[in-house]
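Colleague: Could you look at this predicted model? Sequence included:
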Amino acid sequence: MIGFSHWPRKAGAAAFAAWMALLVMCLPAEAARPVLPGEPCPEPARSTWTMQESWVWDEVCAGRIANLAEKFGGSTKPIEAAQWPAERTLSSTFLAAILLHDPYRQALTIKGVRIVGARFTEVIDLSNADIGHELWLDESSFEGRIKIGRARAEALIAFDDSLLAGGLDAYSAHLEQSLFVRRATIKNGADMTGIEVDDQLSFSGAQVTGELELASANIGQHLFLDKDAKFEEVNLNGAEIGGDVLMGGGTFSGKLAMEDIRAGSDLFMNEKANFAEIDLTNGDVGAYVDFGSANVTGDLDMGRLHVRGNLNIKDGAHLAYVSLIGARIDGDIVVDASTVTGKMQLEDVAIGSDLFLRSESKLADVTLSGAEIGSYLMIRNADISGFANFETIHIGRNFVIDEGSNFAGAISAVGARIDGDATITGSTFAEPVDFTGAKIGRSLAMARQATFNRAVHLAFAEIGANLDLTEGIFSTLDATGLRVGTEIRLATGAFATDEGTMARWNSPSKLTLRNVSTGALQDLPEAWPAEVDLEGFTYERLGGFEAEPPAPSVPDDSSDAARTQAEPIATDSARADISHRDPKEFIDWLAKQKNYSPQPYAQLAAVLTASGHPEKARSVLFAGKSREWGARAARAGSS
């Protein structure tokens with residue numbers, strides 16, 4: 001800097017004044033500062049602004065809400081903006097000036113820009129802008145498109161209760177706080193691809209015409225698409241939501257695409273929400289998925305979805321088609337008091353705990369082939385009108401069907417593996433039930449008013465403890481090659497008139513025990529059908545064992561049947577004791593086999609002899625010989 005001592009002596013006063021003016025111009029200007037409470041705005045409005053823009057600036061500069069409806073009159077409904085007074089119209093250049101340019105930007109308070117009831121007729125272009133203050137544009141009308149693509153905002157942005165007639169661009173924007181579009185109406189869609197919102201993104205109560213594009217969005221906390229919000233197509237493919245996704249009460253008239261979505265907490269699609277089509281394939285939800293009282297008219301595809309809590313379909317939910325093929329549910333799947341009119345496909349699903357189909361739920365085809373269920377599969381008071389496919393399913397604990405469930409179609413559990421008990425009681429089966437080749441770790445009970453109107457197949461199955469048929473109602477049962485570890489039980493009481501003590505058979509009826517093996521046979525003569533096949537049937541004793549292993553624990557809402565099916569057997573009645581049974585009853589039983597074979601007679605005689613009843617054994621053997629002689633005579637006569 002040139003010192004005054006070096007100033008030329010011959011320089012005049014005018015030259016010195018000019019020099020000093022130049023120095024003053026080079027000094028930095030004093031930055032505008034936000035007003036203190038009660039102070040007037042330190043930065044005057046620009047002369048080119050309209051009267052209403054100058055007024056808005058004075059309000060926001062002082063930290064107040066600029067409510068143009070209260071100032072200039074007119075309705076508060078943005079849809080009626082064309083009838084608003086002209087004084088409520090603001091320009092996009094005015095908004096950009098106070099948000100982005102000094103000295104106005106520096107003069108704003110911590111409350112930022114809060115405007116209510118404004119009309120903007122132009123495109124608002126804040127693309128790539130750095131917005132340092134809160135921006136509220138509530139109950140306002142935007143006739144052009146709002147563009148904040150690739151913008152960065154340090155504070156909240158809100159368009160609550162506004163009309164965005166030209167749509168919204170916010171692709172790749174980054175908001176360090178929240179974005180609120182609550183109760184707003186957006187036409188011409190919203191492109192928010194790749195947006196980052198560090199806090200919340202809320203469309204609660206909003207209406208969006210056109211596609212809401214949120215693919216690859218990253219929301220730090222919660223995403224709200226709820227409270228009577230209405231959408232057409234919504235794309236959330238690849239989005240990451242740190243907290244909850246809330247869609248309760250919303251309407252989605254087009255496809256809701258959520259492939260590869262990641263939600264850190266719950267996904268709520270409940271509270272009578274309406275959906276046309278949902279794609280949740282390959283998603284990951286950190287806690288619960290809730291479809292309580294939802295209505296889905298098209299496909300609900302959750303293939304390979306990972307839910308780290310429970311999946312709930314309850315409270316009167318109505319779904320058209322459900323796919324959970326290859327999905328992983330760490331907790332329970334609960335279908336409660338709900339309807340699925342089409343297929344429910346759960347092939348290869350992995351369920352960490354229980355699967356409940358209950359409480360008057362109405363289902364069509366249910367496919368669980370290859371499924372892994374960690375604890376219980378419970379079907380309670382449900383109606384299944386189509387085919388129930390449980391083939392090769394693996395159930396870690398118990399399989400329960402009870403309390404008035406109805407199956408109009410066939411059931412196939414071919415090759416199923418049930419580590420605990422299978423208990424089927426109090427339910428009706430109109431078509432065949434097939435457990436061929438199944439492996440049941442403990443007991444199979446088809447008892448207590450379970451009604452099988454068509455054939456039951458247990459061929460080549462393995463049952464670790466008991467087969468209990470007491471009080472079941474059957475037509476035919478084929479158990480060829482069955483292995484029962486402890487006991488086959490057809491009755492537990494002393495008399496056929498005892499309530500609920502024995503199997504019952506419709507006419508015509510047949511029980512096939514060909515090549516079956518078990519430890520004990522507990523029956524009453526009246527418990528057998530009109531026809532039996534006993535060829536190769538082997539057993540070690542007649543009459544039940546004294547007791548069995550303790551009954552397994554069951555969920556709190558499990559049936560009495562599941563709790564008691566493995567309790568001790570009543571074996572003390574006189575008539576059930578074979579020592580008091582007339583030999584004729586044994587002989588009549590063996591005579592139910594149409595084609596004579598010596599093996600059933602020899603088997604029964606060996607068991608009677610080992611039990612200390614040689615006389616009864618001789619009577620059985622004599623009856624067998626008599627039948628053999630009669631068969632020979634009949635063949636000789638026919639030749």
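Modeller: Thanks, I have it. Numbering: from 1, shown residues only.
Colleague: SS state for the residue lying closest to residue 71 once chain neighbours are set aside?
Modeller: Closest residue to residue 71 apart from its sequence neighbours, by CB to CB, 6 or more residues apart in numbering: residue 55 at 6.7 Å. (Each C-beta comes from the backbone N, C-alpha and C, glycine too.) Following DSSP: H, G, I helix; E, B strand; the rest coil, residue 55 is assigned to helix.
Colleague: what's around residue 55, how many residues?
Modeller: 17 (other CB atoms under 10 Å).
Colleague: what about it, distance to residue 83?
Modeller: 21 Å (CB to CB, to the nearest Å).
Colleague: now swap in residue 492 and tell me
Modeller: 84 Å.
Colleague: Looking at the two, which is more packed in?
Modeller: Using other CB under 10 Å as the criterion, residue 492 and residue 83 rank with residue 492 on top: 23 against 9.
Colleague: wait, isn't that one in contact with residue 527?
Modeller: No: assessed by CB atoms under 8 Å, residue 492 is found out of contact with residue 527, at 9.5 Å.
Colleague: Next, show the common contact partners of those two.
Modeller: 470, 502 (CB atoms under 8 Å, 6 or more residues apart in numbering).
Colleague: the strands in the stretch 501-639 of the chain, which residues?
Modeller: Taking DSSP state E, counting those that start in this stretch to define them, one finds strands in the stretch 501-639 of the chain at 504-512, 517-522, 531-533, 538-542.
Colleague: could those strands go into CSV alongside distance to residue 238?
Modeller: Shown next, in CSV, are the strands of the stretch 501-639 of the chain (distance: least, CB to CB, whole Å):
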stretch, distance to residue 238
strand 504-512, 56
strand 517-522, 57
strand 531-533, 61
strand 538-542, 62
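Colleague: Comparing those strands, which comes out most buried?
Modeller: Comparing these by mean neighbour count (mean count of other CB atoms under 10 Å), strand 517-522 ranks first with a mean of 21.
Colleague: so what secondary structure elements neighbour that strand?
Modeller: strand 483-484, strand 487-489, strand 538-542 (3 or more CB pairs under 8 Å, 6 or more residues apart in numbering; DSSP states H and E).
Colleague: so residue 476, which of the three states?
Modeller: strand.
Colleague: any low-confidence regions in this structure?
Modeller: 1-33, 35-38, 493-500, 544-579, 638-639 (pLDDT under 70).
Colleague: For the spatially most central residue of it, which residues are in contact?
Modeller: By CA atoms, centre = their mean, the chain has its centre lying nearest to residue 311, at 3.1 Å. By CB under 8 Å, 6+ apart, the contact list for residue 311 reads 288-289, 291, 302, 324, 329, 331-334.
Colleague: and those residues, which are buried?
Modeller: For the contacts of residue 311, a burial check counting by 16 or more other CB atoms under 10 Å picks out 288-289, 291, 302, 324, 329, 331-334.
Colleague: Just give me the closest of these to residue 443.
Modeller: residue 332 (24.1 Å; CB to CB).
Colleague: Which stretches in the stretch 51-200 of the chain count as helices?
Modeller: In chain order, the stretch 51-200 of the chain shows helices spanning 51-61, 68-72, 92-100, 104-107, with DSSP state H, counting those that start in this stretch as the criterion.
Colleague: tell me what the shortest one is packed against?
Modeller: Okay, so that is helix 104-107. Partner elements for helix 104-107 (3+ CB pairs under 8 Å, 6+ apart): helix 51-61, helix 92-100.
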